[in-house]
Each structure stands twice: as structure tokens, then as C-alpha cells.
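S.K.: only the shape, not the letters, is given here:
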Ligand code: PRP
């Protein structure tokens with residue numbers, strides 16, 4: 001893979017920093033109201049959800065615990081999900097009896113969350129819900145009930161605000177569409 005041109009490889013901006021900030025603020029307010037008085041653990045699914053998690057937790061005004069999992073579903077620089085889900089990092093504390101909220105950056109085929117929600121349900125949380133910043137329904141293979149959603153997006157390869165191509169572009173502060181010639185290149 002050639003060295004990325006961080007801004008030059010962006011074909012168009014899909015969601016600006018301001019749009020993301022406003023939506024994350026709204027989601028934080030809803031979660032704060034819904035989980036008032038409950039023991040809530042936010043489970044961030046690394047690495048893509050890192051910026052979303054960091055902003056969302058600061059938009060939540062009730063006490064929460066956080067935990068971090070890392071799973072991988074895409075191999076290398078592929079733009080398609082492989083369907084294989086591997087747990088690279090597990091929870092550090094039990095969620096049994098707590099309210100768990102999975103925090104994801106994107107649901108694409110749904111294979112990752114389908115696996116992960118089954119896995120976490122097996123750890124006996126009181127409730128398990130899903131919050132995702134982005135939903136790309138066009139490519140869904142398994143139905144996933146989304147409880148908190150930022151944006152529904154078209155079937156385009158998006159990068160930035162945590163989302164990568166070949167591990168790059170995660171540090172863009174907005175969400176953009178990657179120029180197709182970048183992932184078409186040998
Ligand atoms: C991405 C994303 C989701 C998953 C969604 O993670 O963060 O976890 O793919 O795809 P799916 O709905 O088709 O399963 P990825 O495996 O690329 O890891 P990353 O978060 O470290 O980039």
C-alpha cells in the first residue's frame with residue numbers, strides 16, 4: 001500500500017466535525033436519561049470506536065464505567081468484511097448484573113456485532129444494548145437491533161473519526177468517502 005495522502009485521498013466529506021459533535025451530544029443526552037440510576041458499563045469496540053467512545057462518554061452526564069474490547073473482522077487492507085471475528089482483547093471486568101452498552105463505530109454486514117452481542121450476553125449483563133455511530137444497511141447479512149444510532153450512511157467506503165483503510169485515516173476529525181482509486185491500487 002502506498003503512503004496515504006491524508007486529506008488528498010478523501011473524495012468528499014460525508015459528515016463534518018460539527019454534524020458528528022451535535023449528534024453525539026444528542027445520543028449522550030438520551031443515554032443519560034435512559035440509564036439514570038442504573039449501573040452502566042460502556043463497552044467500546046476498538047479500534048474504530050475510539051474517537052466516538054471518547055466523545056460519547058463525555059456527552060453522558062450520569063456515572064458510567066467503561067471497558068474496552070478489541071475485535072477484528074476485516075483482514076489487512078480489504079474493504080470487505082471477511083465474516084471472521086477474532087477477539088484480540090477481552091473485557092477487563094465482569095459485566096454480570098450490570099447494564100452493558102456496546103459502543104461501535106459502524107455496522108456493516110452485522111457479523112461483528114452478531115458475534116459480539118452473543119458473546120457478551122453469555123456474560124449475564126442485566127441488559128445489553130447497542131449504540132453505533134454509523135449504520136450501513138445496504139450490506140447487512142444479519143439483522144442487528146440498533147438501540148442508539150448516529151447516522152445511516154450509503155454504501156460507500158468511509159474513513160476518518162476512527163474508521164480506517166489499511167490502518168490509516170483514523171485520525172481525520174470528520175468522516176469522508178475514500179477515493180476508489182486508493183483501494184483499487186495494487
Ligand atoms: C469494523 C468496525 C466494526 C466492524 C463492522 O472493525 O469497527 O467492528 O468492522 O463490520 P461488520 O458489520 O461487517 O462486521 P474492524 O474489524 O475493521 O476493526 P477496527 O475497529 O480495528 O478498524
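M.R.: In hand now; what should we look at? As the structure is a computational prediction, the values presented were derived from the model and not from experiment.
S.K.: report the contact partners of the residue nearest to residue 140 when sequence neighbours are not counted.
M.R.: Of all residues not flanking residue 140 in the chain, residue 110 sits nearest, at 5.1 Å (CB to CB, 6 or more residues apart in numbering). Backbone N, C-alpha and C define where each C-beta goes, glycine included. Residue 110 makes contact with 140-144 under the criterion CB atoms under 8 Å, 6 or more residues apart in numbering.
S.K.: for residue 110, report the pLDDT, please.
M.R.: Residue 110 is assigned 94 on the pLDDT scale.
S.K.: hang on, the earlier thing: can you select the buried ones from the contacts of residue 110 in PyMOL?
M.R.: Restricted to buried positions by 16 or more other CB atoms under 10 Å, the PyMOL selection for these reads:
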select buried, resi 144
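S.K.: can you put the contacts of residue 110 in a markdown table and add distance to the ligand?
M.R.: Putting the contacts of residue 110 into a markdown table (distance: CB to the nearest ligand atom, whole Å) gives the following:
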| residue | distance to the ligand |
| --- | --- |
| 140 | 8 |
| 141 | 8 |
| 142 | 9 |
| 143 | 12 |
| 144 | 8 |
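S.K.: which SSE is residue 105 in?
M.R.: strand 99-107 (DSSP states H and E).
S.K.: show me what that strand is packed up against.
M.R.: Under the contact definition 3 or more CB pairs under 8 Å, 6 or more residues apart in numbering; DSSP states H and E, strand 99-107 sits against strand 40-46, helix 50-58, helix 111-121, strand 127-135.
S.K.: list the buried residues for the second one?
M.R.: Pointing back at helix 50-58 there. Along helix 50-58, these residues count as buried under the neighbour rule (16+ other CB under 10 Å): 50-53, 55-57.
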